[in-house]
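**Q** Got a predicted structure here, sequence first:
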Amino acid sequence: MNRLALSVLAATAAAGLLAGCNSKEPGNATGAPETGGNTQSNTPTSAPGGDEAPPVTGPEISLDKFKSAPCTLVPAEQLSKIGDLREGRPADRQGQPQCSWEPKASTGGVAFTLTISKSTLSDYYKGKSNYNYFKPTEISGYPSANFDGTEGKNGHCGTAIALGKDSTLVVQITVRGKESPSYTTPCVESERISTVAIDGLK
């Protein structure tokens, strides 16, 4: 299969992942929490040009063993650091295993989904013009990027983390309730949850 075909497959897979952001029900197991805005603009592409993501310089972390059981990505003791959560709900979106968690409380808190992505962090970098908000960052020593279809101030944020050459974890969160202090700074929550998840994988 040539590189162009592989790029198309990667973009298609990422589109399937972020299409789930349409769901208004936080933590819906059929898709990731909403990241806001036009979901089509949230699709990373592998088009020529654009920036390359920084290389992974630390020990690579393989996610292969979690593909059949994505809800084991975060151990129970790590989940307790995030909040009082319902049991994770696994799903598969376009061949991308994922698990969604939501708070036990009926209101407030943060719902989130972890996805083992087929796209690389460089795919997100190359498609950064598709986002209204895109900011490179670092999670526990691994190159990452926060992204959102709006301005990253409306309760939704995604964080893509490169754990190896072919290993990418995507965390997408929804802050439930505009009254929450973190509603206007959702990427802080996305980074916090990403850090807990990655630290549990080390």
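**A** Noted; the coordinates are in hand.
**Q** Setting aside sequence neighbours, what's the nearest residue to D199?
**A** S140 (5.7 Å; C-beta to C-beta, 6 or more residues apart in numbering). C-beta here means a position set from N, CA and C on the backbone, and glycine is covered the same way.
**Q** Next up, the contacts around T115.
**A** Neighbouring residues of T115 by C-beta atoms under 8 Å, 6 or more residues apart in numbering: L17, A32, P70, R93, Q96, P97, Q98, L169, V170, V171, Q172.
**Q** typo on my end, G155
**A** Per C-beta under 8 Å, 6+ apart, neighbours of G155: G36, T174, V175, R176, K178, S180, Y183, T184, P186.
**Q** Those in helices, which ones?
**A** Of these, the ones assigned to helices by DSSP state H are P186.
**Q** Drop anything exposed from the contacts of G155.
**A** G36, T174, V175, R176, S180, Y183, P186 (16 or more other C-beta atoms under 10 Å).
**Q** quick one: contacts for the fifth one?
**A** Listed by C-beta under 8 Å, 6+ apart, the contact partners of S180 are G108, G155.
**Q** My understanding was that F134 contacts F147; is that so?
**A** Yes - contact criterion C-beta atoms under 8 Å: F134 and F147 qualify, at 5.1 Å.
**Q** wait, which of the contacts of T115 is closest to N130?
**A** L17 (13.8 Å; C-beta to C-beta).
**Q** Got the confidence number for that closest one?
**A** pLDDT, L17: 43.
**Q** I198 contacts S144, doesn't it?
**A** No - I198 is beyond contact range of S144, at 9.0 Å (criterion: C-beta under 8 Å).
**Q** can you give me the strands in the protein?
**A** Counting by DSSP state E, one finds strands in the chain at the ranges 89-93, 96-101, 110-117, 133-139, 142-148, 156-164, 167-175.
**Q** which one of those lies closest to A76?
**A** Across the strands of the chain, A76 has its closest neighbour in strand 96-101 (11.5 Å, C-beta to C-beta).
**Q** buried residues in the closest one?
**A** Residues of strand 96-101 classed as buried: Q96, P97, Q98, C99, S100, W101 (neighbour count, 16+ other C-beta under 10 Å).
**Q** Report all helices and strands that that strand contacts.
**A** Applying 3 or more C-beta pairs under 8 Å, 6 or more residues apart in numbering; DSSP states H and E, one finds that strand 96-101 contacts helix 3-19, strand 89-93, strand 110-117.
**Q** Those: lowest mean pLDDT?
**A** Ranked by mean pLDDT, the helices and strands packed on strand 96-101 bottom out at helix 3-19, with a mean of 41.
**Q** Quick check: K135 touching E151?
**A** No - contact criterion C-beta under 8 Å: K135 and E151 do not qualify, at 11.1 Å.
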